[in-house]
Each structure stands twice: as C-alpha cells, then as structure tokens.
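> please work out how this folds:
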Amino acid sequence: MKVGFVGLGLMGRPMAENLRKAGHDLFLTSRSGVPQDMQGEGTTACANAAEVASNADVVITMVPDTPDVEKVLFGENGVASGLSKGKLVIDMSSISPVATKGFAKRIGELGCGYVDAPVSGGDIGAKAGTLTIMVGADDADFGRAKPLFEAMGKTITLVGPVGSGQTCKVANQIIVALNIQAVSEALVFASKAGADPVRVRQALMGGFANSRVLEVHAERMINRTFKPGFRTGLHMKDLEVALSNARALGVAMPGTALAQQLFNSCVAAGEIDEDDSIMCKAIERLSGHEITKKS
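Below is the predicted model of the structure:
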C-alpha cells in the first residue's frame, strides 16, 4: 500500500520501519523532521501532513496527546486538507475516547474512513513488531487496515466501533500503572527486609505474580536503568484521561488516583522524561530505602 506516517518518535519510527520492511511505500513527516537514514528506496520525506495525505491511500498518525492529534489532522497543512474521498486515517496515538469519536465524525464528513488503534508493548514491542493493537473501527475499515497492523503487531483485536480502541487502551494503562506500583512496593519491601531483589524477581516470575511489568520493569528497577521505553509524562497523560472519564462515568478508581500521585511526585523530582518504571523511586523515597542488589 501507499502509506503515510505522521510522527516518528520513540514508537513511531520503529513502527514505520516495520511497514517499510513489509514492502509498503511510505510517505513520512515528523515534527523533528524525517531522519536521514529513513530516507531512501520505498520512502518519501514530505514537508507536512497534508502532503503525506495527498500521496498516501492510508495515513497513520502516532503523536503524544489529544491536542497533537487534532493539530496534525485539522491544523494548518494537516491531514484533512490533503485527503480525498475513499482514503483511510488510522490514529495509533493514545488519546481521549471522546475526542476520537469527534475526529472520526469530521474525517467521515470528508468521505474517508477512520480507525483508532492505540498500542501497547513499548519501544521493545515497536522494534520487534510484536505490539498489542487495540482497534476501534467498522468491519470494512478494520479489514483494510489489518495488513498494516500485522506488520507492526502480534495481538490485534477489533474491540468495537470507533472509540473502543482508545477505551481499551485506557484500561490497559490503568492495569500497567497499578502493576508498576505493586512491583515497586514488593521490591522495596523485599530489599529492605534483606532479600536479594534479583532472586526475589526470579522466584516470583515462576508463580501467579508474574507479569510483563515484573519481567521488564522490575529488571529496570533493580539495575537502575530508567532510559525511557515509555515516558512517565505520557503514562500520566493516559491516567489523566482515565480519571477524567471515570469522573464523568461515576466510576471509583482509588488505585489509579494513587498511582497518578506517585507519578506526580516523580515529576516533582525532575523525572518526567524517565521510563515509567521510575515510580519505584517514589516508593523508595517514602520508605527511605533504595532497591539494592546483593551482588
């Protein structure tokens, strides 16, 4: 396919590269420019999102937040100004489900399809092409988009109509945040009690407590490597979406609210751009103890 890709950041770049490896012709643009090593056979660097949309049959957006998606779609030289009837827009950002439905309506009025398809799996999954992709779309648009998803992900689920993908992603971020909190507390507890956190993690991974957070994030906590796979600031943004929608729906989410406050304390410590596993430092500061390996 002729595929446009807007947003070549930590997640977007490897996702676009996997599309290129799958044989699709790419038209690229990004706020920071298209990296030189991504330009070449099968790719075209474009000046803006409108140029991307005018050249591509399908346009994918992967940007940080709801206002960024709105600007990329409907701002000056945005995707909408380059669309023609019959094209498809796929937003793979993690944004507000309510705003997503509004964006889909506006794109639909131009005679184009709209799919929301946020992802989970971090930069590791983006590079490996093993992302979990949560899709909101009608059956026809999902069928059209699925070959592209298969180049970027492993678990691809049509959750429901437009907006459902974003709702599912919010649920995902709630679970991940509370899991990070639980693993942080467990490792700080074990370490301060005198156990080796390396062996504690190893033991727990063989039982019912195992999770991707225990596998990946706990290792980061123990080794003190907080280079972002998923930035704390972005996870906070997702939890704010969760909490604001919970207020509107009348849903109680006390654990999510606590996780957000722990992230807030990390931001106060200057850690907003670190990996979200940095939450362990909030627990460490409250406990007066740093997770420490025995050897």
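> where do the helices sit along the protein?
12-21, 49-55, 66-74, 79-82, 97-108, 122-128, 139-152, 164-192, 197-204, 212, 218-223, 232-249, 254-268, 279-287 (DSSP state H).
> would you reformat the ones you listed as JSON lines and include mean pLDDT, mean neighbour count and distance to Leu88?
For every residue, glycine as well, the C-beta is placed using N, CA and C. Below are the helices of the chain laid out as JSON lines (pLDDT from 0 to 100; neighbours: other CB atoms under 10 Å; distance: least, CB to CB, whole Å):
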{"stretch": "helix 12-21", "mean pLDDT": "96", "mean neighbour count": "21", "distance to Leu88": "14"}
{"stretch": "helix 49-55", "mean pLDDT": "98", "mean neighbour count": "23", "distance to Leu88": "10"}
{"stretch": "helix 66-74", "mean pLDDT": "97", "mean neighbour count": "19", "distance to Leu88": "13"}
{"stretch": "helix 79-82", "mean pLDDT": "98", "mean neighbour count": "22", "distance to Leu88": "11"}
{"stretch": "helix 97-108", "mean pLDDT": "97", "mean neighbour count": "18", "distance to Leu88": "9"}
{"stretch": "helix 122-128", "mean pLDDT": "93", "mean neighbour count": "18", "distance to Leu88": "21"}
{"stretch": "helix 139-152", "mean pLDDT": "98", "mean neighbour count": "17", "distance to Leu88": "6"}
{"stretch": "helix 164-192", "mean pLDDT": "97", "mean neighbour count": "21", "distance to Leu88": "14"}
{"stretch": "helix 197-204", "mean pLDDT": "98", "mean neighbour count": "17", "distance to Leu88": "43"}
{"stretch": "helix 212", "mean pLDDT": "94", "mean neighbour count": "14", "distance to Leu88": "31"}
{"stretch": "helix 218-223", "mean pLDDT": "98", "mean neighbour count": "20", "distance to Leu88": "37"}
{"stretch": "helix 232-249", "mean pLDDT": "94", "mean neighbour count": "18", "distance to Leu88": "24"}
{"stretch": "helix 254-268", "mean pLDDT": "98", "mean neighbour count": "17", "distance to Leu88": "33"}
{"stretch": "helix 279-287", "mean pLDDT": "98", "mean neighbour count": "20", "distance to Leu88": "37"}
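> will you turn these into a markdown table that also has distance to Leu28?
Below are the helices of the chain laid out as a markdown table (distance: least, CB to CB, whole Å):
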| stretch | distance to Leu28 |
| --- | --- |
| helix 12-21 | 6 |
| helix 49-55 | 7 |
| helix 66-74 | 13 |
| helix 79-82 | 13 |
| helix 97-108 | 20 |
| helix 122-128 | 16 |
| helix 139-152 | 15 |
| helix 164-192 | 23 |
| helix 197-204 | 39 |
| helix 212 | 30 |
| helix 218-223 | 30 |
| helix 232-249 | 22 |
| helix 254-268 | 32 |
| helix 279-287 | 34 |
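> so which of the ones you listed is nearest Gln39?
Nearest to Gln39, of all the helices of the chain, is helix 12-21, at 11.0 Å by CB to CB.
> brilliant, that's me finished.
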